[in-house]
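S.K.: Coordinates for the following, if possible.
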Amino acid sequence: MNSSVTPSRQRAGSLYESIGGHTGVTVLVENFYQRVLQDPALAQFFKHTSMDRLHRMQVEFFAVALDGPTTYGGTAISHAHQGLKITLPDFQRFVQHLFDTLSDFDLSEDERYSIVQRINKYANEITGAPGGY
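M.R.: Alright, predicted model coming up:
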């Protein structure tokens, strides 16, 4: 993992700006997926995935989730995860890797929790849960 790369803040404002804009989101996605793919419990979900495409879509997704100047052009989240049988514990494991990755960035604790909170909003769509997790 390239944890020595800590993008600097562009300016105060959105979480996207706090993480370092496009460069910061790109580094976040790279470092995050290095952690995820090293986790045998999660790596199985990516066996048949184009990592180049996933990387592009995740950069877009995180940019949008963090209020960046981007639109998400990927597949609907619920459709992209349909049939993968991702459980809530799988999702929680995934989010823990995200939180650990965010610790490599020059972010406050509140900013890290805000980012995780935004990703947690998609838990039901990712796990296929009917609501409220």
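S.K.: Show me what the lowest-mean-pLDDT helix or strand in the chain is packed against.
M.R.: Lowest by mean pLDDT, DSSP states H and E among the helices and strands of the chain is helix 77-81, with a mean of 79. Contacts defined by 3 or more C-beta pairs under 8 Å, 6 or more residues apart in numbering; DSSP states H and E place helix 77-81 against helix 123-127. For the C-beta atoms, the positions are set from N, CA and C on the backbone; glycine is no exception.
S.K.: what is the rounded mean pLDDT of the helix it packs on?
M.R.: Here helix 123-127 scores 89 as its mean pLDDT.
S.K.: now swap in stretch 86-100 and tell me
M.R.: pLDDT averaged over stretch 86-100 gives 94.
S.K.: C-alpha coordinates for stretch 47-66, CSV please?
M.R.: Extracted as CSV, the C-alpha positions of stretch 47-66 are listed here (Å, rounded to 0.1, in the frame of the first residue of the first chain):
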residue,chain,number,x,y,z
LYS,A,47,-12.7,-12.5,-9.0
HIS,A,48,-14.5,-11.7,-12.2
THR,A,49,-14.2,-7.9,-12.0
SER,A,50,-12.3,-5.7,-14.4
MET,A,51,-10.2,-3.8,-11.9
ASP,A,52,-9.5,-1.0,-14.3
ARG,A,53,-13.3,-0.4,-14.8
LEU,A,54,-13.9,-0.8,-11.1
HIS,A,55,-11.2,1.8,-10.3
ARG,A,56,-12.7,4.3,-12.7
MET,A,57,-16.2,3.8,-11.4
GLN,A,58,-15.1,4.0,-7.7
VAL,A,59,-13.2,7.2,-8.4
GLU,A,60,-16.4,8.6,-9.8
PHE,A,61,-18.5,7.2,-7.0
PHE,A,62,-16.3,8.5,-4.2
ALA,A,63,-16.0,11.9,-5.9
VAL,A,64,-19.8,12.2,-6.1
ALA,A,65,-20.3,10.8,-2.5
LEU,A,66,-17.8,13.5,-1.2
